[in-house]
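*Asks:* Mind looking at a prediction? Sequence and model below.
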Amino acid sequence: MNYWKGPHSKIISATKGLLEYRQLHLAADNPGLWPGTTGIETEIPVERKVDGVAEVTPKSLLSSLQGRKQTRLAFKDEINVFRRTLLYLGPPNSARWYDVAGPGEQVGARALVYLRRRDGVRAGAFRKQVTQLADALAGTGVLKELRTQTFLPWIEKLWDTPNVAHDNPADQRFHASLILGFEDTTARDAFFKSTELERLSYDLAPSASAIHAYEVSEALTFVRDGVVEE
């Protein structure tokens, strides 16, 4: 983790055309924060547990062309950091950052939530369900940060760095994510034990087969509004 937020982060931060680059470091012990729900996998399998996530947001579709040099460096350096890396892409305008914090309010605790679409559910219907969930969460008044992303279909060889595993079986893939920010850990714990979230979870059961909610131990922003943080 120290190498990831040190030397490796400098490679990514130097990429031209980035709006934001942020790392989410996840707690070592993460059995799953999401409340148990009939028909939904909420316990995080140890063998597929995620240790950290890099959020990379380009300024535009052309940004990927500007950053090819740094991308090549990142390819070579991944073996120094990771055992397995998976790249999920969202189509343009598929990520939403909600304005839920009041003036001066800060995020003291976060959770990262991954959602898997149930077989037979259309992608469009699932995206609509994620939007409805986010709108409901924004309306609770307890969140200080809310971000949603929906993903394009998985492409096996899109990110194929050498000597690093990229296996992602069809039944293990995710189709959307949420980042939830809270005032503190007490507020986060209360949220995941609330009857309101339990109700929302059962509403998701027809369209989601898995919801994995991770405790975020650290969120580090290296590029903010297109500017590299010092």
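*Replies:* In hand now; what should we look at? Numbers count the residues shown, from 1 in each chain.

*Asks:* avg pLDDT for the top helix by length along the chain?
*Replies:* Assignment by DSSP state H gives helix 123-138 as the longest helix of the chain. Mean per-residue pLDDT for helix 123-138: 96.

*Asks:* again, but for stretch 46-66
*Replies:* 87.

*Asks:* With stretch 181-195 instead?
*Replies:* 97.

*Asks:* now stretch 27-40
*Replies:* pLDDT averaged over stretch 27-40 gives 96.

*Asks:* What lies in contact with it?
*Replies:* By C-beta atoms under 8 Å, 6 or more residues apart in numbering, the residues outside stretch 27-40 that reach it are 42-44, 49-51, 111, 113, 188, 192-193, 197-198, 201-202, 204-205, 208-217. The way it works is simple: take the backbone N, C-alpha and C, and place the C-beta from them, glycine included.

*Asks:* Alpha carbons only: can I get the longest helix of the chain in PDB?
*Replies:* As requested, the backbone C-alpha atoms of helix 123-138 are provided in PDB (Å, rounded to 0.1, in the frame of the first residue of the first chain):
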ATOM      1  CA  ALA A 123     -28.500  -3.300 -18.300                       C
ATOM      2  CA  GLY A 124     -30.800  -0.300 -18.900                       C
ATOM      3  CA  ALA A 125     -33.200  -1.400 -16.200                       C
ATOM      4  CA  PHE A 126     -30.300  -2.100 -13.800                       C
ATOM      5  CA  ARG A 127     -28.900   1.400 -14.400                       C
ATOM      6  CA  LYS A 128     -32.300   2.900 -13.700                       C
ATOM      7  CA  GLN A 129     -32.400   0.900 -10.400                       C
ATOM      8  CA  VAL A 130     -29.000   2.200  -9.400                       C
ATOM      9  CA  THR A 131     -30.100   5.800 -10.000                       C
ATOM     10  CA  GLN A 132     -33.300   5.300  -8.000                       C
ATOM     11  CA  LEU A 133     -31.200   3.800  -5.100                       C
ATOM     12  CA  ALA A 134     -28.800   6.800  -5.200                       C
ATOM     13  CA  ASP A 135     -31.700   9.300  -5.200                       C
ATOM     14  CA  ALA A 136     -33.100   7.500  -2.200                       C
ATOM     15  CA  LEU A 137     -29.800   7.500  -0.400                       C
ATOM     16  CA  ALA A 138     -29.300  11.200  -1.200                       C
END
